[in-house]
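**Q** Any chance you could fold what I've pasted below:
(one chain, ligands or ions: 2)
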Amino acid sequence: MGAETEAGVAPASARKRHAELAELVDEANWRYYVLDAPTVSDAQYDAWMRELQRLEEENPALRTPDSPTQRVGAPITSDFASVAHLRRMESLDNAFNADEVAAWQARAERLAERDPAPYLCELKIDGLAIALVYEKGRLVRGATRGDGRVGEDVTANVRTLADVPQRLSGDGVPDLLEVRGEVYMPVEGFKRLNEQLVEAGRQPFANPRNSAAGSLRMKDPRETARRPLRMIVHGVGPWEGGAPMPASQSQIYERLREFGLPVSDLYRVVGGLDEINAYIEYYRGHRHDPAYEIDGVVVKVDGLTLQRELGSTSRAPRWAIAYKYPPEEVNTRLLDIQVGVGRTGRVTPFGVMEPIVVSGSTVERATLHNASEVVRKGVRIGDTVVLRKAGDVIPEIVKPVEELRDGSEREFVMPTHCPECGTELAYEKEGDADLRCPNTRSCPAQLRERIFFAAGRRAFDIEGLGYVAATALTQPLPPQQPLIRTEADLFDLTAEQLLPIRSVVRDPDTGLPKTDPETGEPRIVSFFANQSGGLSKNAEKMLQELERAKTKEETTVARVLVALSIRHVGPPTAQAIAAEFRSIDAIAAASEEELAAVEGVGPRVAAAIHDWFQVDWHREIVDRWSAAGVRMEDEAPADLPPQTLAGLTFVVTGTLAGLTRDEAGAALASRGGKVASSVSKKTSFVIVGENAGSKFDKAVKLGVPILDEEGLKVLLEDGPEAAAGMTVTPEA
Ligand SMILES: NC(=O)c1ccc[n+]([C@@H]2O[C@H](COP(=O)([O-])OP(=O)(O)OC[C@H]3O[C@@H](n4cnc5c(N)ncnc54)[C@H](O)[C@@H]3O)[C@@H](O)[C@H]2O)c1
Ligand SMILES: [Zn+2]
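**A** Ligands and ions are numbered 1, 2, ... in the order given. Next up, the predicted model:
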């Protein structure tokens with residue numbers, strides 16, 4: 001590595017590629033973790049991550065704390081309350097071949113200074129991680145992983161899963177137990193759910209994983225209860241009191257099974273690398289045997305003492321590794337490359353292929369992301385290409401089979417004009433990777449995507465207004481005129497207007513018209529009319545839902561802001577801004593400086609918001625929604641108590657008499673205090689109840705001030721100085 005790198009500067013080419021990749025990964029994370037609707041395959045995502053890691057190894061200056069390689073998941077954002085995990089929830093490091101598994105084993109052996117066998121092999125279930133907290137055997141909380149430290153409180157939803165016991169059974173149930181596991185949707189249930197969603201005019205889920213994540217995080221737990229969700233346990237967090245925690249992962253599983261928790265029958269404890277590989281090979285051939293989708297195998301060091309010794313990196317334990325199976329690959333012909341136009345005008349090339357069955361579904365289109373990806377992949381129209389599809393439904397063109405070229409293939413040329421409105425395409429600013437259609441107001445493609453988005457799960461959430469309806473509203477067959485010319489028209493639709501509308505059906509992934517497989521002609525529908533010429537069920541539902549959306553409880557300023565499709569303003573940003581300004585009017589009136597001062601909003605986002613509100617037709621959207629009766633203001637939040645504990649860190653342990661540990665934590669947090677799960681020298685106070693265990697001992701050892709419940713009361717009411725006089729001296 002040159003002196004340049006050490007001085008903290010990476011070559012411009014590396015910086016450029018790093019920035020490009022970071023943006024692709026950030027966008028993918030957002031779609032995957034926040035929207036539950038990914039648009040790239042896991043294999044493509046993993047390839048981007050590996051390239052990022054390699055760049056950072058070569059240029060350590062690029063490894064900043066905000067690089068995607070240093071984080072777990074994505075910050076949470078949602079209708080759910082956030083909740084701090086008792087102990088950090090981690091991701092897993094990946095291996096893609098036997099050598100990488102061997103390297104992991106060798107490293108563990110070197111670090112542990114002995115053979116870490118036996119190992120526990122189990123299936124890597126493609127679902128979402130969940131943490132369940134049991135106090136005295138009662139389920140008190142369920143939370144998603146979030147960014148690993150803070151997740152979403154989904155307790156009410158988790159309670160609806162038949163696999164999740166409300167109360168643990170058997171002997172020796174710990175006083176406090178956190179169980180981690182995977183919530184998943186069996187493949188059959190996933191297929192059925194998607195059929196129902198499509199029938200109801202809603203967007204189907206991309207794969208069982210996203211469908212599990214979306215279903216668990218429904219605002220109404222009764223909806224979650226209707227979804228075929230299941231769970232399998234794969235770890236524990238804190239285990240305090242009751243029978244002592246067993247000494248190995250496998251014994252823990254058997255104990256959890258006795259407590260009534262769902263444990264897999266398919267895990268095996270094995271002695272070494274040969275057996276690990278045999279397990280991996282067996283399930284490579286039997287991947288589809290289980291009722292759920294798997295994306296690999298997880299290998300863990302079975303002994304807990306060794307697990308503790310090996311510890312974790314910033315995002316994953318060193319005592320475990322996830323072996324990921326490669327996705328299935330087939331060859332097919334690339335017939336054409338067409339371009340689609342997205343919500344922000346971004347123009348994306350798609351491969352149109354000879355239809356082919358891969359991983360159980362027929363594929364004929366695949367995204368090529370952007371013009372430079374087409375160049376990188378080196379594919380030409382007419383090529384035979386390698387097509388890859390992982391467990392999910394998003395296919396990807398990997399590369400051309402160059403040996404099969406006959407000279408008739410032609411290079412793809414990016415169009416100069418928008419395929420949907422004819423406007424000349426342009427880069428928004430120098431150095432952008434993507435060409436855009438600048439006709440933001442009336443480009444039918446952009447409007448269709450924005451309307452679809454505004455009606456989506458994260459904005460107004462309007463049942464009946466799916467992709468087909470959005471197309472029909474914005475792009476009827478000529479000479480019919482669009483009912484929606486900008487978002488301003490969204491809440492003024494009437495039944496009479498809807499009835500005659502006819503339009504083509506478009507593919508939501510690409511925006512391209514769908515063709516009838518028999519005639520090859522575009523499919524045309526009268527989506528809002530039923531066979532007897534009356535209003536279809538969907539149209540009725542859509543009108544009702546539009547009416548209800550104006551004032552329903554879920555319609556918050558944050559969601560209205562999301563629905564406006566302002567660049568860079570996704571749900572997390574919208575929530576931060578809404579919390580500060582509380583009305584769309586106040587946001588519209590805010591200066592760039594005021595917007596930038598909101599935590600989590602930088603100058604770039606502030607400028608985007610400010611600029612957006614300066615445009616006349618944008619202001620018209622806000623005015624017309626407001627005139628239609630859409631609620632554009634949030635109620636004032638309850639006043640926070642004075643922030644007397646800001647800057648201090650607390651650990652709560654043992655059983656308190658007057659309140660639960662969660663309540664104590666919430667009371668501390670509401671006064672600005674930070675609640676941590678383990679005691680360190682930096683802990684300001686440890687609050688102890690009855691039967692406090694190792695944390696109490698550690699506090700004594702480190703000399704951290706200790707408060708009992710009486711002291712906690714004083715702390716909350718009169719602040720830390722007053723409480724300092726109340727610390728408890730443990731008996732020698
Ligand atoms: N397609 C996309 O756009 C996109 C975007 C982001 C992430 N991803 C995918 O998600 C991965 C990263 O997500 P991640 O951080 O959750 O890592 P991961 O899925 O590779 O592994 C960690 C997770 O595995 C789960 N898991 C399943 N079975 C398990 C078992 N038996 N034991 C322990 N854990 C088990 C746990 O929930 C754990 O959090 C990427 O590698 C990629 O495949 C895809
Ligand atoms: Zn256009």
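**Q** Point out where the stretch 201-350 of the chain drops to low pLDDT.
**A** For the stretch 201-350 of the chain, the stretches flagged by pLDDT under 70 are 201.
**Q** Where does it get nearest to ligand 1, residue-wise?
**A** Checking the stretch 201-350 of the chain residue by residue against ligand 1 with C-beta to the nearest ligand atom singles out residue 234 as nearest, at 3.6 Å. No exception for glycine: its C-beta is placed from N, CA and C like everyone else's.
**Q** Please list all residues in contact with that residue.
**A** Contacts of residue 234 were listed using C-beta atoms under 8 Å, 6 or more residues apart in numbering, and they are 122, 125, 180, 181, 182, 264, 298.
**Q** Just the pLDDT at the residue in the stretch 501-650 of the chain that ligand 1 sits nearest to, thanks.
**A** Of all residues in the stretch 501-650 of the chain, residue 509 sits closest to ligand 1, with a separation of 13.3 Å (C-beta to the nearest ligand atom). Predicted confidence (pLDDT) at residue 509: the value is 76.
**Q** That one: which element?
**A** Secondary structure assigned from DSSP states H and E places residue 509 in neither a helix nor a strand.
**Q** List the buried residues for the biggest strand by length in the chain?
**A** Longest strand in the chain by number of residues, with DSSP state E as the criterion: strand 328-341. Residues of strand 328-341 classed as buried under the neighbour-count rule (16 or more other C-beta atoms under 10 Å) are 332, 333, 334, 337, 338, 339, 340, 341.
**Q** Looking at those, which one is closest to ligand 2?
**A** Using C-beta to the ion, residue 341 is the member of the buried residues of strand 328-341 that lies nearest ligand 2, at 5.4 Å.
**Q** does the residue of the stretch 201-350 of the chain closest to ligand 1 sit in a helix, a strand or a coil?
**A** Put simply, residue 234 is strand when judged by DSSP: H, G, I helix; E, B strand; the rest coil.
**Q** related to what we said a few turns ago, make sure the residue of the stretch 501-650 of the chain closest to ligand 1 is actually in contact with residue 38.
**A** No. With contact defined as C-beta atoms under 8 Å, residue 509 does not count as touching residue 38 (10.8 Å).
**Q** Looking at the two, which is more packed in?
**A** Neighbour tally, residue 509 and residue 38, criterion other C-beta atoms under 10 Å: the higher count belongs to residue 38, 23 against 17.
**Q** which stretches of the protein have low pLDDT?
**A** Along the chain, the model assigns pLDDT under 70 to residues 1-8, 74-78, 201, 359-361, 390-394, 637-638, 731-732.
**Q** can you list the domain ranges for it.
**A** Domain assignment of the chain by automatic domain parsing yields the ranges 3-70, 90-324, 333-427, 444-549, 557-628, 649-724.
**Q** Output the ones you listed as CSV; include the columns distance to ligand 2.
**A** What follows is the domains of the chain, written out as CSV (distance: least, C-beta to the ion, whole Å):
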stretch, distance to ligand 2
domain 3-70, 20
domain 90-324, 23
domain 333-427, 3
domain 444-549, 6
domain 557-628, 15
domain 649-724, 48
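**Q** Turn those into JSON lines, including distance to residue 640.
**A** Output for these, formatted as JSON lines (distance: least, C-beta to C-beta, whole Å):
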{"stretch": "domain 3-70", "distance to residue 640": "26"}
{"stretch": "domain 90-324", "distance to residue 640": "18"}
{"stretch": "domain 333-427", "distance to residue 640": "36"}
{"stretch": "domain 444-549", "distance to residue 640": "27"}
{"stretch": "domain 557-628", "distance to residue 640": "12"}
{"stretch": "domain 649-724", "distance to residue 640": "6"}
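**Q** partners of residue 350 in the sheet?
**A** Counting by DSSP bridges, residue 350 forms beta bridges with residue 338, residue 367.
**Q** quick one: stretch 648-663 to chain centroid distance?
**A** Using C-alpha atoms, centre = their mean, to the nearest Å, the mean C-alpha position of stretch 648-663 is found 31 Å from that of the whole chain.
**Q** Restricting to C-alpha, output that stretch in CSV.
**A** Presented in CSV, the C-alpha positions along stretch 648-663 are these (Å, rounded to 0.1, in the frame of the first residue of the first chain):
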residue,chain,number,x,y,z
LEU,A,648,-25.4,9.2,31.6
THR,A,649,-25.6,5.5,31.0
PHE,A,650,-27.5,3.0,33.2
VAL,A,651,-27.8,-0.7,33.6
VAL,A,652,-30.9,-2.2,35.2
THR,A,653,-30.7,-5.7,36.6
GLY,A,654,-32.7,-8.0,38.9
THR,A,655,-36.5,-7.8,39.7
LEU,A,656,-37.9,-4.4,40.8
ALA,A,657,-41.0,-4.4,42.9
GLY,A,658,-42.8,-1.3,41.6
LEU,A,659,-42.2,-1.5,37.9
THR,A,660,-40.8,-3.8,35.2
ARG,A,661,-37.3,-3.5,33.9
ASP,A,662,-38.7,-2.2,30.6
GLU,A,663,-40.6,0.5,32.4
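**Q** What residues does the stretch 101-250 of the chain have near ligand 1?
**A** Listed as neighbours of ligand 1 in the stretch 101-250 of the chain under the rule C-beta under 6 Å from any ligand atom: 122, 124, 125, 129, 145, 182, 234.
**Q** Give me the subset of the residues you listed that lies in strands.
**A** Per DSSP E, strands hold the following members of these: 122, 124, 125, 129, 182, 234.
**Q** Now the two most distant members of those.
**A** 122 and 129 (14.2 Å; C-beta to C-beta).
**Q** ok, so of the ones in strands among the residues of the stretch 101-250 of the chain next to ligand 1, who is nearest residue 677?
**A** Out of these, the one with the shortest distance to residue 677 is residue 129. That distance is 16.7 Å, counting by C-beta to C-beta.
**Q** just checking, the closest one touches residue 142?
**A** No. With contacts defined as C-beta under 8 Å, residue 129 does not count as touching residue 142, sitting 11.2 Å away.
**Q** before we move on, back to that, can you work out which other helices and strands pack against the longest strand of the chain?
**A** Identification of packing neighbours for strand 328-341 by 3 or more C-beta pairs under 8 Å, 6 or more residues apart in numbering; DSSP states H and E yields strand 347-358, strand 384-389, strand 395-400, helix 444-454.
**Q** Can you pull the residues of the protein lying near ligand 1?
**A** Taking C-beta under 6 Å from any ligand atom as the measure of proximity, the chain contacts ligand 1 at 28-29, 31-32, 38, 40-42, 45-46, 72-73, 91-92, 94, 122, 124-125, 129, 145, 182, 234, 298, 322.
**Q** Could you tell me which of those belong to strands?
**A** 94, 122, 124, 125, 129, 182, 234, 298, 322.
**Q** who wins for neighbours among those?
**A** For those, the largest number of neighbours (other C-beta under 10 Å) sits with residue 125, at 27 neighbours.
**Q** Pull the number of nearby residues for residue 657.
**A** Number of residues near residue 657 (other C-beta under 10 Å) recorded here: 8.
**Q** swap in residue 415?
**A** Look at residue 415: counted by other C-beta under 10 Å, it has 14 neighbours.
**Q** Leaving out the residues flanking it, which one is nearest to it?
**A** When the adjacent residues along the chain are set aside, residue 415 lies closest to residue 339, with 5.9 Å between them (C-beta to C-beta, 6 or more residues apart in numbering).
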